[in-house]
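J.: Structure here, sequence nowhere to be found:
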């Protein structure tokens, strides 16, 4: 009888607990349902707002005012570049017809295209200028010398890279005089590639030295002949010969590229040349050749012609 009474009490307490739990759960639902409903509505508003803003942004950025076309680019080019370059650089096949100013990696895409152009040494910077401009700075390859081989002429920069002549003004005092000439050139490389010719490399090095000291103007040097560079040990001839307007040879000797022992430096050879000029004058008109390869420079005057004998 006692056991039955304890079992009845347990059931009574369980029912009381369940009733209490149901009541509290109902109260909790009445509180949470409005909160969940408000949260859901708020989340929907946020989602639709983001979607709407994105649609508006896409519509705005798709306007023509935010478009840039390479065909409308204008470039301030140096004096030694001709108009062909300014036009061709705007119509490169790998460039798109139009670009969006807000396009991802826009500047990198333009830089990759321009960086592959033969005459462009490097893309210095590309910056967006809103609403529809790009500020582009390119470092161009500048010719340092005109190379002549018979009737053929080529342009190279200071790194001995072959350049296309159609983009440069050939009549330019900055690089067309003195020219470098040779009758034994190495195989012609592709445009934009280095010309692996020791003679040309030696000629470029010497031409830069002559210009830096204004020797080409002082002695009227018109050509630097590099046909025999690194061949003196076989021929005995001067590796490099400078030719003046008066057809005088200045036998310069080896380039430092040949690593010849006991070879005078360019500075020493220049002093030899100046010592002769103090006697003969800088035009060297009376000289058939001047040899500055040795510590004591040599020279030979043109043979005098007996006019009276020729008339007979």
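T.: Sure thing, it's come through. Being a predicted model, the structure only gives us computed values, none of them experimental.

J.: CA only for contacts and neighbour counts going forward, please
T.: Fine.

J.: buried stuff in the strand or helix carrying residue 136?
T.: Counting by DSSP states H and E, the element that carries residue 136 is strand 133-140. By neighbour count on 16 or more other CA atoms under 10 Å, the buried set for strand 133-140 is 133-134, 136, 138, 140.

J.: repeat for stretch 114-127
T.: Residues of stretch 114-127 classed as buried: 114-115, 118-123, 126 (neighbour count, 16+ other CA under 10 Å).

J.: Narrow those to those in strands?
T.: Of these, the ones assigned to strands by DSSP state E are 120-123, 126.

J.: Find me the pLDDT at the nearest residue to residue 69 once chain neighbours are set aside, would you?
T.: Closest residue in space to residue 69, ignoring its immediate chain neighbours: residue 98 at 4.5 Å, by CA to CA, 6 or more residues apart in numbering. According to the prediction, residue 98 has pLDDT 88.

J.: what's around residue 98, how many residues?
T.: 13 (other CA atoms under 10 Å).

J.: residues contacting the spatially most central residue of the chain?
T.: The chain has residue 121 as the residue nearest its centroid, 1.3 Å off, counting by CA atoms, centre = their mean. Taking CA atoms under 8 Å, 6 or more residues apart in numbering, we find residue 121 in contact with 115, 138-141.

J.: would JSON lines of those with pLDDT and distance to residue 227 be doable?
T.: As requested, these are arranged in JSON lines below (pLDDT from 0 to 100; distance: CA to CA, whole Å):
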{"residue": "115", "pLDDT": "92", "distance to residue 227": "34"}
{"residue": "138", "pLDDT": "94", "distance to residue 227": "35"}
{"residue": "139", "pLDDT": "95", "distance to residue 227": "32"}
{"residue": "140", "pLDDT": "95", "distance to residue 227": "29"}
{"residue": "141", "pLDDT": "95", "distance to residue 227": "26"}
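
J.: from the residues you listed, which single one is nearest residue 176?
T.: residue 141 (15.1 Å; CA to CA).

J.: Residue 160 is in contact with the closest one, correct?
T.: No. In this structure, residue 141 is not within contact of residue 160 by CA atoms under 8 Å, at 10.6 Å.

J.: who has more neighbours, those two?
T.: Neighbour count, other CA under 10 Å: between residue 141 and residue 160, residue 160 has more, with 22 against 19.

J.: picking up where we left off before, what's the separation between the residue nearest to the centre of the chain and residue 208?
T.: Distance of residue 121 to residue 208, given as CA to CA, to the nearest Å: 19 Å.

J.: How many residues are close by the nearest residue to residue 164 once chain neighbours are set aside?
T.: Leaving aside its chain neighbours, residue 164 sits nearest to residue 191 (6.3 Å; criterion: CA to CA, 6+ apart). The tally of other residues near residue 191 (other CA under 10 Å) stands at 17.

J.: low-scoring stretches of the stretch 201-312 of the chain, by residue?
T.: 232-236, 304-312 (pLDDT under 70).

J.: Mind jotting down where the strands sit in it?
T.: 221-225, 240-244, 249-253, 287-291, 298-301 (DSSP state E, counting those that start in this stretch).

J.: what does stretch 247-259 rub up against?
T.: Stretch 247-259 has contacts (CA under 8 Å, 6+ apart) with 198, 202, 206, 229-230, 232, 238-244, 260, 263, 265, 269, 284-285, 287-293.

J.: Buried subset of those as a PyMOL selection?
T.: To isolate the buried subset of the contacts of stretch 247-259 in PyMOL, counting by 16+ other CA under 10 Å, use the following:
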select buried, resi 198+202+206+229+230+232+238+239+240+241+242+243+244+263+269+284+285+287+288+289+290+291+292+293
